[in-house]
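Q: Next come a sequence and a model predicted from it.
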Amino acid sequence: MKIYISVDMEGISGINSPEYVLRDGRLYGVGQRLATADTNAAIRGAFDGGADEVIVADMHAMSGNLLVEELDSRALLLAGTPHEPRFPFLDETVDGMFLVGYHAMAGTLYANLEHTMSSASWHKFCVNGKPYGELGIDAELAAECGVPVVMVSGDDKFCEEARSWLGNIETAVTKQGLGRQSALCLSPAYGQNRVYAAARRAVERLAEVEPFALPEIPSPARVAITYKMMPDADRANVFGTKRLDGYTVETTYDHLSGMYGGIWRDYGIEKKI
């Protein structure tokens, strides 16, 4: 059984402010250690639940956040950018996907470190008129490969968003969001125990008959990005796009994966390790 773990930082146990997740933040080194510990908890849970192979994708910002020397040696680490497509090696051979350390979509009330893709420039991301967060985007990309998202971790607002999109999946609540830069946090050790338990349960449930649902895959996908500043919309308004208003630019793709370089199709690269 193969599990693919995508790791962000904002929803990691013990993290509550940008100081932990920005490379020039004064607590970024602490954030790296905390993110690595949550990731190791998810890896352990996956293997203890019955996984044979685990691939970890370091997906926060420009990658390079996880401490390689401290990562569970049984997992393979996908690091570096660009990721083209967004999730290399995510294909029909993967049985389930974890989203570890994720955050709620932009504008979610009281969610800790909420945003969608770009906290600096994106105000809203919609597909066919429906607001999406990074959960919705990544779950849909996985669904195009026939892979269900089976486990997530993050604050309570994110886990609620995940259940509303994906139903009865396994969730690990690591903190209660109180605002964009405040949260009631569990101790990292307690949060990691929750991540481990949810990861293990998710893999054990994969032995059941179709226990996890795939989200609907819209085709065509009309992707509308509303920017915070009009000059960003001006720059995004290129050939093939449609300007909806001063702040919003829309592009139509056959599938959402078209926005992110398609889905993994080997590309002449084999995982030989």
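A: Great, that's in hand.

Q: which regions of the chain lie under the pLDDT threshold?
A: Along the chain, the parts satisfying pLDDT under 70 run over 209, 266-268, 272-273.

Q: Apply 80 and report the result again.
A: 82-84, 208-211, 265-273 (pLDDT under 80).

Q: Quick check, central residue of it?
A: The C-alpha lying nearest the average C-alpha coordinate of the chain belongs to L99 (Cα atoms, centre = their mean; 4.8 Å).

Q: got a list of what it touches?
A: Contacts for L99 (Cβ atoms under 8 Å, 6 or more residues apart in numbering) come out as 6, 8, 135, 138-139, 149, 151-154, 162. For the C-beta atoms, the positions are set from N, CA and C on the backbone; glycine is no exception.

Q: go with 6 Å
A: Residues in contact with L99 (Cβ atoms under 6 Å, 6 or more residues apart in numbering) are 6, 149, 152.

Q: mind listing the strands for the stretch 151-273 of the chain?
A: 170-179, 182-185, 221-227, 242-243, 248-253 (DSSP state E, counting those that start in this stretch).

Q: ok so, going back, tell me the buried residues within the contacts of L99.
A: With burial judged by 16 or more other Cβ atoms under 10 Å, the buried subset of the contacts of L99 is 6, 149, 152.

Q: can you put the residues you listed in TSV and add distance to L90?
A: Below are the buried ones among the contacts of L99 laid out as TSV (distance: Cβ to Cβ, whole Å):
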residue	distance to L90
S6	9
V149	11
V152	16
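
Q: List of residues touching stretch 68-82?
A: 36, 40, 43, 54-58, 62-63.

Q: So for it, first residue to last residue, what's the gap.
A: End-to-end span of stretch 68-82 (Cα to Cα, to the nearest Å): 19 Å.

Q: Put the buried members of the contacts of stretch 68-82 into a ChimeraX selection.
A: Buried members of those can be picked out in ChimeraX with the line below, counting by 16+ other Cβ under 10 Å:
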select :36,40,43,54,55,56,57,58,63
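
Q: Look up how far T93 lies from the nearest residue to L27 once chain neighbours are set aside.
A: Counting by Cβ to Cβ, 6 or more residues apart in numbering, E19 is the residue found nearest to L27 once chain neighbours are left out, at 4.2 Å. Using Cβ to Cβ, to the nearest Å, E19 is found at 39 Å from T93.

Q: That concludes my questions; thank you for your assistance.
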